[in-house]
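[1] Following is a predicted model, sequence given first.
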Amino acid sequence: MKNNHLSRRMFIGSSAVAATGALLLPKISFARTIFSGADKPNSLVGGVLIGVTTYSYGQMKNVTAEDMLQYCLQDNISGVELRGDAAELTAGAPKRIAGQSGADFAKAMADWRASVSMDKFKAIRKMYDDAGVNIYAYKPVVFGVNNTDEEIEYAFNAGKALGATHCNCEMPDSDAQTKRIGELAAKHKMRVGYHAHTNATPTLWDTAMSQSEYNCINLDIGHYVAGTSTSPIPFIEKNHARITSMHIKDRKFNNGPNRPWGEGDTPIKDVLLLMKKNHYKFPATIELEYKIPAGSDDVKEVLICRNFAADILKG
């Protein structure tokens, strides 16, 4: 696999405490760098936004929303799917106490979500906006059957406060749950992208989409290829209007493993060129899941993926 690496940006500036964040989150340091317009990241290439899900940085030691922003900047990425763990940690969510049962911790999180000020999420949005990174999706773990309606509504409110156009979540096992989520999504007028794994089929999302116009698709082309052993191109052409954002990874057919980009059966090039040709507006989201080579790390590998996609879209 050949990748033309871009030189890492030299961001000039100084760290400062963002006044809004400092007031709202006294225990969290909202360190940020002052960027000029030319120094801000830009991963819009050929009209396609190359983004990243913060899950891709899961093996890094530091995992707050501030840390995730710094990783995006190092990778020259200007759009992100922010996962709930990082956002909630920065917003002051309770941590699990030693010996605390799962049920008790779930109750503590539900209580926190019901009372947390959305100003804390607005402060996160400002921090990202100031650095030139758009939070286009929010993915908290609150869409399960055991989560309360209040938690699901919290997700939509927090997503809006972050500036996201949609929330993403794992595909529920039941039609009743997609109906429940879809009705709450309609109430908040915010789309939900359901993420499937190798259980993906060309018709998997049909029932959910028929239940609510706000029930949509967070397509993962790697999982789709591994699960169906077919190209996702026909599915994308048919359902592009209902795709919120798309996860990009490379997997082999027949439930095969994740591979470094360009070494699997996923037609990443064809998908990206289709997005460019047809001017699809949903982002191409890097989801890093292949084994990290010795001597590398998540940030370095995301940059390789970002440049792999950019090289295709520049043509």
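    Great, that's in hand. Numbers count the residues shown, from 1 in each chain.
[2] Look up the residues forming beta bridges with residue 243.
    residue 217 (DSSP bridges).
[3] what's the burial count for it?
    When neighbours are counted by other CB atoms under 10 Å, residue 243 registers 21. Every C-beta, even on glycine, is put in place using the N, C-alpha and C of the backbone.
[4] what's the answer for residue 119, then?
    By other CB under 10 Å, the residues close to residue 119 number 14.
[5] SS state for the most centrally placed residue in the chain?
    Taking CA atoms, centre = their mean, the centroid of the chain lies closest to residue 81, which sits 2.3 Å from it. Using DSSP: H, G, I helix; E, B strand; the rest coil, the structure places residue 81 in strand.
[6] surely it meets residue 140?
    No. Under the criterion of CB atoms under 8 Å, residue 81 is not in contact with residue 140, lying 11.2 Å apart.
[7] what bits of the chain have low per-residue confidence?
    1-38 (pLDDT under 70).
[8] Output the contacting helices and strands for the helix ranked longest in it.
    Determined from DSSP state H, the single longest helix within the chain is helix 298-314. Helix 298-314 sits against strand 44-45, strand 48-53, helix 65-74, helix 268-278, strand 284-286, with contacts defined as 3 or more CB pairs under 8 Å, 6 or more residues apart in numbering; DSSP states H and E.
[9] Direction included, what does the second one pair against?
    Strand pairing for strand 48-53, determined by DSSP bridges: strand 44-45 (antiparallel), strand 79-83 (parallel), strand 284-286 (parallel).
[10] quick one: buried residues of whichever strand or helix holds residue 208?
    Per DSSP states H and E, residue 208 falls inside helix 206-211. Under the neighbour-count criterion of 16 or more other CB atoms under 10 Å, helix 206-211 has 208-209, 211 buried.
[11] Check stretch 154-161 too.
    154-161.
[12] Give me the contacts around the longest helix of the chain.
    Outside helix 298-314, the residues within contact range by CB atoms under 8 Å, 6 or more residues apart in numbering are 1, 3-6, 8, 43, 45-46, 48, 50, 52, 56-60, 71, 74-77, 248, 260-262, 268-269, 272-273, 276, 284, 286, 288, 290, 292-293.
[13] Out of these, which end up buried?
    Buried members of the contacts of helix 298-314, counted by 16+ other CB under 10 Å: 3, 43, 45-46, 48, 50, 52, 56-57, 71, 74-77, 248, 260-261, 268-269, 272-273, 276, 284, 286, 288, 290.
[14] Tell me the gap between the longest helix of the chain and the middle of its chain.
    Its chain's C-alpha centre and that of helix 298-314 lie 16 Å apart, by CA atoms, centre = their mean, to the nearest Å.
[15] Just the CA trace of it, in CSV.
    C-alpha atoms of helix 298-314 as CSV (Å, rounded to 0.1, in the frame of the first residue of the first chain):
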residue,chain,number,x,y,z
ASP,A,298,-3.4,5.3,16.8
VAL,A,299,-2.6,8.9,15.8
LYS,A,300,0.1,7.8,13.3
GLU,A,301,-2.2,5.2,11.7
VAL,A,302,-5.2,7.6,11.5
LEU,A,303,-2.9,10.0,9.6
ILE,A,304,-2.0,7.2,7.2
CYS,A,305,-5.7,6.5,6.6
ARG,A,306,-6.5,10.2,6.2
ASN,A,307,-3.8,10.6,3.5
PHE,A,308,-4.8,7.3,1.8
ALA,A,309,-8.3,8.8,1.4
ALA,A,310,-7.0,12.3,0.4
ASP,A,311,-4.7,10.9,-2.3
ILE,A,312,-7.8,9.2,-3.9
LEU,A,313,-10.0,12.3,-3.7
LYS,A,314,-7.3,14.6,-5.1
